[in-house]
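>>> Got a predicted structure plus its sequence, pasted below:
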Protein chains: 2
Amino acid sequence: MPDQKVIIVGAGFGGLACARKLDGAPVNVTLLDRHNYHLFTPLLYQVATGLLNPSDIAYPLRTIFRHSRNVRFREAQVERVDLKRKVVCLAGGDELSYDYVVLATGSVDNYFGNQGVADVSISLKALPDATRLRNHVLTCLERADAARDSATRQALLTFVLVGGGPTGVETAGALTELMDIVAGKDYHDISRREVRIVLIEGTDRLLGAFSNRLGRYAQRILERRGVEVVTNRLVKNADDHSVTLADGMTIPSETIIWAAGVRPNDPTGDGTLPRLRNRRLQLDPQLRLQGTDGAFAIGDLASPPVGHQGQLPMLSPPAMQGGRYVAASIIDAVQGVRRERPPFRYVDKGTMATVGRNAGVTHLPGGLEFTGLLGWLTWLLVHIYYLIGFRNRVSALLSWAWDYLRHDRPIRIILAAGTEAKRG
Amino acid sequence: MPDQKVIIVGAGFGGLACARKLDGAPVNVTLLDRHNYHLFTPLLYQVATGLLNPSDIAYPLRTIFRHSRNVRFREAQVERVDLKRKVVCLAGGDELSYDYVVLATGSVDNYFGNQGVADVSISLKALPDATRLRNHVLTCLERADAARDSATRQALLTFVLVGGGPTGVETAGALTELMDIVAGKDYHDISRREVRIVLIEGTDRLLGAFSNRLGRYAQRILERRGVEVVTNRLVKNADDHSVTLADGMTIPSETIIWAAGVRPNDPTGDGTLPRLRNRRLQLDPQLRLQGTDGAFAIGDLASPPVGHQGQLPMLSPPAMQGGRYVAASIIDAVQGVRRERPPFRYVDKGTMATVGRNAGVTHLPGGLEFTGLLGWLTWLLVHIYYLIGFRNRVSALLSWAWDYLRHDRPIRIILAAGTEAKRG
């Protein structure tokens, strides 16, 4: 009997952990992703602010499974996963059949139906977003330097971030460092005081997933470094030249960075599947999609109902743990193990974020919290550890050392186009 | 009396050398370029083949003149230089007046009027070209891996380079190294023998600017490494799926890399200026544009009539020497020096190219020639020396050491889009 076929849709943290766990097992694994690399998303904002190169946080998936006997990667756009026919339909018409499928397609930005904001916002979910943001910010500075009227100049020098979670906080902190480096220096005629960085959060404090103390700390550090933190305010609309808040306040700005929420990226297109209130697919305790044959889901896309929050957090650790759990279940199944696995249980090993130079926040289970230099060092070590590839680790460490010692964010190039394959 | 105004159009090797020489002189210098970085073009092919990051060979121009009192950079698209009105017209409508202008706009690809070839070719003149080529080559491998019919697969695995000068030779050599790394490894089902790399040269040998011996050496090395070298053949046409030569031979291929010639990139649009036979602007012996007031030109764009070849070679050393010469002339003029400078004389310090690992060719004036490891080491040291910025030098050296020791070209990511500023 030939090996059974497993298809993993998506090579983010969850899909990759699942594929690695299945490497060497008696199954044929096909890992699909629309990009040919695994992306270390927590460091996207460092690419966006000129500190790291894109290749430092992106590792080619084929290289990861170069020596694997049974795991194959294929770059593909998945159009739909048909859970009834048990096939994955790819753009271009190919259909791949499976015995087991692991849906790990993650999430996409949630603009809560506000198309005007979606049209003009820059996101920070994928690698092209990060280079687009870097290009955009530097282009705003170039245009401000050449602008003749002061209103245009002020809008070009105002950067609005929406969402006070880790992405918004980290990006705001990194942007202040970039501006400290270039204002009045690379751009002789732009004073640092002219540059506004505004962080807008809908609730009453930053870092809602952390404790109150850590949220206040992050706000204090950001404000000390020149970020205007606006809480209890929602964004109502935005166009090419301004952002309007729900209370009517308008901020002239040519830049709106969206980090205010995500929604599951559902590849099934099946409206009959059970869902949680925020549209994530609802799983059974073994991370299976109820009523289907051989379909699992992990990560941001789906959750079993759990705990007091009602679901797993949309973070990389539950995705990775879920990926490994599902891989073990599949191995059990193909090896004829009859006994069902105990329900998936997420082990929280802590969460962390960095606000900038020497300032991080770390929350450990049990309530232990670090801030400042210790929080920052913890953040640094953990992120180096999880980066894939020796070369990427060395490269990121050298870049961080350079940044730290020289107060520099050296990759200040506007690299336009050069993007898609010219033909094909 | 306020300082006189100098505008340098183009921040390639010539324009940058001129601006640096004018740094600190009693003139106001505006350096214009459509990119915000100086590009070290000789290493573009290493970005295209996954060895270097774009930022390793691109250095932000504002950073170079961060501490300058009198040199300012501005990112701008120059629409036209009006030599009669003495203004530089920018896209968007701004006009900058000058007392002296230095035209250093270089060259663009010359397709000799063949629009069909121009439409489907990938060039290697600018940084987006290099990332486009990297994306394209890797996408061809992905598509070949998924292709169902063997003709499509073969065309996807055939890479045609046109032009046997240094760019064509270096790119062909680097592509073989990339294919050695990925075929049968990252791409388990693509055999190295299926991959064709074809280098087409119109004359009877490669590296026409070097000696016969060095040209033969380069051909021997490339052929030993699996490149099909086709000499005495011209490209007649190309479409999305094939390249046709003048003798009727058709090569099914989805990739044509154009390195067969350049033409001057003339910003004057003035048909009455005297020109050399290949359309370069004809200069007087002091590198001035005759019949104009205060206009100089350097680099690929222009040449005085000289020597047995009739003009200066289109290489970086004459551009840099010309830039410094013109800067000195301008300083003389503003300081009231009456005596005219002796005519510009290009000092040839040698030329070099690398064919691949341990194999370079170096020609020194006086006829001394190196090949092999010594030619390669010379090439390496000279290129490190001329790279701008300590960080870029360290980064390139580390990448080369990695490549050399590990036989790797690690930056194998297909990074699409993320390109232009989203708005503006």
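Perfect, I can see it now. Keep in mind that this is a model prediction, so the values were computed, not measured.
>>> Name the SS class of the residue of the stretch 101-250 of chain A found nearest chain B, please.
Here the residue of the stretch 101-250 of chain A nearest chain B is residue A:128; by C-beta to the nearest C-beta that distance is 3.0 Å. Quick note: C-beta positions are derived from backbone N, CA and C, even for glycine. What DSSP: H, G, I helix; E, B strand; the rest coil gives for residue A:128 is helix.
>>> Test my guess that it contacts residue B:135.
No: counting by C-beta atoms under 8 Å, residue A:128 does not reach residue B:135; the two are 11.3 Å apart.
>>> Between these two, which has more neighbouring residues?
Between residue A:128 and residue B:135, residue B:135 has the larger neighbour count (other C-beta atoms under 10 Å in any protein chain shown), namely 24 against 17.
>>> quick one, phi/psi of the closest residue to that one other than its chain neighbours?
Closest residue in space to residue B:135, ignoring its immediate chain neighbours: residue B:414 at 4.9 Å, by C-beta to C-beta, 6 or more residues apart in numbering or on different chains. Phi and psi for residue B:414, reported as degrees, to the nearest 10, are phi -100, psi 100.
>>> So which elements touch the helix or strand encompassing residue A:153?
Element membership of residue A:153, judged by DSSP states H and E, is helix A:150-156. On a contact count with 3 or more C-beta pairs under 8 Å, 6 or more residues apart in numbering or on different chains; DSSP states H and E, helix A:150-156 meets helix A:127-146, strand A:250-252.
>>> next one: phi and psi at the nearest residue to residue A:295 once chain neighbours are set aside?
Excluding the flanking residues, the one nearest residue A:295 by C-beta to C-beta, 6+ apart is residue A:289, at 4.4 Å. Dihedral angles of residue A:289 (phi, psi; degrees, to the nearest 10) stand at phi -80, psi 110.
>>> And for the one 10 residues further on?
When read as degrees, to the nearest 10, the backbone of residue A:299 gives phi 80, psi -160.
>>> mind listing what it touches?
Listed by C-beta atoms under 8 Å, 6 or more residues apart in numbering or on different chains, the contact set of residue A:299 reads A:10, A:12-15, A:104-106, A:314, A:318-319, A:322-323.
>>> just curious, which of those residues is nearest to residue A:22?
Closest approach between the contacts of residue A:299 and residue A:22, by C-beta to C-beta: residue A:323, at 9.3 Å.
>>> That closest one: what secondary structure?
Criterion first, three-state DSSP; result for residue A:323: helix.
>>> same deal with residue A:19?
Assignment for residue A:19 (three-state DSSP): helix.
>>> There's contact between the residue nearest to residue A:295 and residue A:81 in this structure, I believe.
No: using C-beta under 8 Å, residue A:289 is not in contact with residue A:81, being 10.1 Å away.
>>> neighbour-wise, which of the two wins?
Between residue A:289 and residue A:81, counted using other C-beta under 10 Å, residue A:81 has the larger neighbour count: 26 against 22.
>>> So in terms of bridging, what pairs with the more buried one?
residue A:88 (DSSP bridges).
>>> Could you chop chain A up by domain?
A:4-34+A:76-109+A:262-334, A:115-260 (automatic domain parsing).
>>> gap between the shortest one and the chain center?
The one in question is domain A:4-34+A:76-109+A:262-334. 18 Å (C-alpha atoms, centre = their mean, to the nearest Å).
>>> What's the end-to-end length of it?
End-to-end distance of domain A:4-34+A:76-109+A:262-334: 8 Å, with C-alpha to C-alpha, to the nearest Å as the criterion.
>>> again, but for the longest one
Domain A:115-260 stretches 14 Å from its first residue to its last (C-alpha to C-alpha).
>>> could you pull out the helices for chain A?
A:13-22, A:44-48, A:61-64, A:115-120, A:127-146, A:150-156, A:166-182, A:212-224, A:316-334, A:372-386, A:390-406 (DSSP state H).
>>> okay if I get the domains of chain A as CSV plus mean pLDDT?
Output for those, formatted as CSV (pLDDT from 0 to 100):
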stretch, mean pLDDT
domain A:4-34+A:76-109+A:262-334, 96
domain A:115-260, 96
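>>> For residue A:353, find the nearest of those.
domain A:115-260 (4.0 Å).
>>> Please state the offset of that closest one from the chain centre?
18 Å.
>>> ok, now stretch A:251-266?
So, by C-alpha atoms, centre = their mean, the centroid of stretch A:251-266 is 12 Å from its chain's centroid.
>>> so what's residue A:11 closest to, chain neighbours aside?
residue A:33 is the one closest to residue A:11 (C-beta to C-beta, 6+ apart), at 3.8 Å.
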